[in-house]
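Visitor: 3D model of this:
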Amino acid sequence: MLTPTQKRSAAAIIAAQTSTRIGDVLTNPKTVLTWLLSQLGTSGFFIGMLVPIRESGSMLPQLFISSWVKRARSRKWVFVLGALAQAICIAVMGVAALMMTPSLAGLMVMLSLAAFSISRAFCSISSKDVLGRAIPKGFRGRVSGVSATLSGILSALAAGALILFRDYETAALLAWIVLGSSALWIIGAGLYAIVHEPLPDEVTSEKSLATGIGKRIGLVANDPIFRRFIIARGLLLGSALASPLIVVLAQVKAGSLLSLVGFLFASAIATATSSIFWGKLADRASHKAMAFGGVMSAVVGVMAIVIALWLPELSKQLYIWPLLFLFFNLGYTGVRLGRKVWVVDTVEGDKRTDYVSASNTLIAVAIILMGLTASPMQSISPLLPLGVYSLLCLIGSGIALSLGGNND
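Guide: Sure, this is the predicted structure:
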């Protein structure tokens, strides 16, 4: 059972994560930012760079900044400062969309998103440490699951509320939404500041940046379980990278706010309805949450291919693609929660920081390589990379099952 102090910390973490996750939904590069820049008439180059910057930018620097994070005795303040920096970046995006020309707005949004992602990297590393220090093993998945569920419910309500503004200019409306969303990171920072974080007696200080990087890279070579985790997580990237392909297959009409609402609502409902289930499963067996989520995403990906190729009448129904998007994200939620709990539960102390930073940086490289490989295929047909990603998810799920034993 949790102590009263741990319960208060859990509530603060849940509230802070809920706040920032709602902000993530309202500023999602896959949907909102892409839609916003398209409405502004921004160059396709800037639009095309949004998802790669967002997906890899928050993970690629972690191998290099983890040495700085480990010097901080209290990791929650690293998260607080990172969240405030993210708030500033989001506010700049909103102002740029409202006041700048399309080209300047596209450039400023892209640069702000890069700065946002770097700030997020500090939050990503420190949040795992704070969760491990403040919440005992066996409850961490539930804390993450509850916050994801709450954010999903509130995000669904926010997406539904957009229907009331369907007669307004889409670009201006979305720009104000992005600008207003910056307050959610400020709220999250304030809530995180009240978490009670038990502090270690000593602070780790590595001799040099090169030494720290070498040690973390060495984990992949010398730790076979960690190496399998990296391989499984890399293959399961298909559960994250394939979802925009379903949006492409939907052939959404440009500028239709109702179409955007459909996908936002589907994503929010997927998170709200499954996160507690996945969180509880992750507390019992995090590798199974990864595996089952990966299989689900793969199955939905195959269904999307079948519908697109052989069921033309069904493929013309506007509801089918948001529905597939919903089920695909149900699987992705399991993969995401499973791998987060696995890395927090498997090791303790600063070794957890090393695991998080090394795995995230390597995964960021994998995202870039997979993106470069998938782009030529997507120019032929989005069905080609969707099929590849579905196959990779199946293989990754099998490897994830071999990670058993960390928290069964």
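Visitor: Which of the three states applies to the closest residue in space to M377 that isn't next to it in sequence?
Guide: Sequence neighbours aside, L384 is the residue nearest to M377 in space, at 4.0 Å (criterion: C-beta to C-beta, 6 or more residues apart in numbering). In short, each C-beta sits where N, CA and C put it, glycine included. Under the three-state scheme (DSSP: H, G, I helix; E, B strand; the rest coil), L384 adopts helix.
Visitor: and L384, what pLDDT?
Guide: The model reports L384 with a pLDDT of 91.
Visitor: Now for it, how many residues are close by?
Guide: 16 (other C-beta atoms under 10 Å).
Visitor: likewise V302?
Guide: Neighbours of V302 (other C-beta under 10 Å): 16.
Visitor: Repeat that for L104.
Guide: Neighbours of L104 (other C-beta under 10 Å): 12.
Visitor: thinking it is in contact with A96, fair?
Guide: Yes - at 7.1 Å, L104 counts as touching A96 under the criterion of C-beta atoms under 8 Å.
Visitor: Tell me where the model's unsure across the stretch 151-300 of the chain.
Guide: Counting by pLDDT under 70, the stretch 151-300 of the chain contains low-confidence residues at 165-169, 201-216, 251-260.
Visitor: mind listing the strands for it?
Guide: Assigned by DSSP state E, counting those that start in this stretch, the stretch 151-300 of the chain shows no strands.
Visitor: For it, which segments count as helices?
Guide: In the stretch 151-300 of the chain, the helices defined using DSSP state H, counting those that start in this stretch lie at 170-192, 209-222, 224-235, 238-241, 243-249, 257-310.
Visitor: Quick check: which of these is nearest to S19?
Guide: helix 170-192 (4.1 Å; C-beta to C-beta).
Visitor: Could you pull out the buried residues of the closest one?
Guide: Residues of helix 170-192 classed as buried by neighbour count (16 or more other C-beta atoms under 10 Å): 170-171, 173-175, 177-179, 181-182, 184-192.
Visitor: For the closest residue to T5 other than its chain neighbours, which residues are in contact?
Guide: Ranked by C-beta to C-beta, 6+ apart and with sequence neighbours excluded, the top spatial neighbour of T5 is H196, at 5.1 Å. Each residue near H196 by C-beta atoms under 8 Å, 6 or more residues apart in numbering is listed here: 5-6, 8-9, 134.
Visitor: and what of V51?
Guide: Contacts of V51 by C-beta under 8 Å, 6+ apart are 29-30, 34, 244.
Visitor: could I get the residues you listed as a markdown table with distance to V295, secondary structure and neighbour count?
Guide: Compiled in a markdown table, these are given as follows (distance: C-beta to C-beta, whole Å; DSSP: H, G, I helix; E, B strand; the rest coil; neighbours: other C-beta atoms under 10 Å):
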| residue | distance to V295 | secondary structure | neighbour count |
| --- | --- | --- | --- |
| P29 | 27 | helix | 24 |
| K30 | 23 | helix | 17 |
| T34 | 28 | helix | 19 |
| P244 | 21 | helix | 20 |
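Visitor: Relative to A270, which of those residues is nearest.
Guide: Of these, the one sitting nearest to A270 (C-beta to C-beta) turns out to be K30, at 13.5 Å.
Visitor: Hmm, V247 and the closest one touching each other?
Guide: Yes - between K30 and V247 there is a contact under C-beta under 8 Å: 7.3 Å.
Visitor: And the pLDDT for A134?
Guide: 89.
Visitor: Can you report how many residues neighbour it?
Guide: For A134, using other C-beta under 10 Å, the count is 23.
Visitor: re the thing from before, minimum distance to S144: which of the helices of the stretch 151-300 of the chain has it?
Guide: The closest of these to S144 is helix 257-310. By C-beta to C-beta, the value is 5.5 Å.
Visitor: when you compare where that closest one runs with where helix 170-192 runs, what's the angle?
Guide: Angle, helix 257-310 to helix 170-192, by axes from the mean of the first three to the mean of the last three C-alpha atoms, to 10 degrees: 100 degrees.
Visitor: any idea which helix or strand comes after helix 257-310?
Guide: helix 312-315 (DSSP states H and E).
Visitor: which outside residues touch that next one?
Guide: With contacts defined as C-beta under 8 Å, 6+ apart, helix 312-315 is touched by 249, 307-308, 320.
Visitor: Pipe those into a markdown table and attach distance to G82 and neighbour count per row.
Guide: Formatted as a markdown table, those follow (distance: C-beta to C-beta, whole Å; neighbours: other C-beta atoms under 10 Å):
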| residue | distance to G82 | neighbour count |
| --- | --- | --- |
| L249 | 35 | 21 |
| I307 | 41 | 18 |
| A308 | 40 | 20 |
| I320 | 39 | 19 |
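Visitor: pLDDT-wise, what's the bottom of those?
Guide: L249 (78).
Visitor: Wait, that one touches P382, no?
Guide: Yes - counting by C-beta under 8 Å, P382 is a contact partner of L249 at 5.8 Å.
Visitor: Could you tell me how far the residue in the chain sticking out farthest from the centre is located from S381?
Guide: Of all residues in the chain, E313 has its C-alpha farthest from the mean position, at 33.6 Å, by C-alpha atoms, centre = their mean. Per C-beta to C-beta, to the nearest Å, E313 is found 20 Å from S381.
Visitor: Over to S402?
Guide: Taken as C-beta to C-beta, the span from S402 to S381 is 33 Å.
Visitor: Next: F292.
Guide: Distance of F292 to S381, computed by C-beta to C-beta: 29 Å.
Visitor: Give me the more crowded residue out of these two.
Guide: Higher neighbour count among F292 and S381: F292, with 20 against 16, using other C-beta under 10 Å.
Visitor: Would you confirm that the more buried one contacts G334?
Guide: Yes - assessed by C-beta under 8 Å, F292 is found in contact with G334 at 5.7 Å.
Visitor: Next, show the common contact partners of those two.
Guide: L281.
Visitor: dump the residue contacts of K340.
Guide: When contacts are counted by C-beta under 8 Å, 6+ apart, K340 is found next to 128, 144, 282.
Visitor: ok, the last one touching V341?
Guide: Put plainly, it is A282. Yes - assessed by C-beta under 8 Å, A282 is found in contact with V341 at 3.9 Å.
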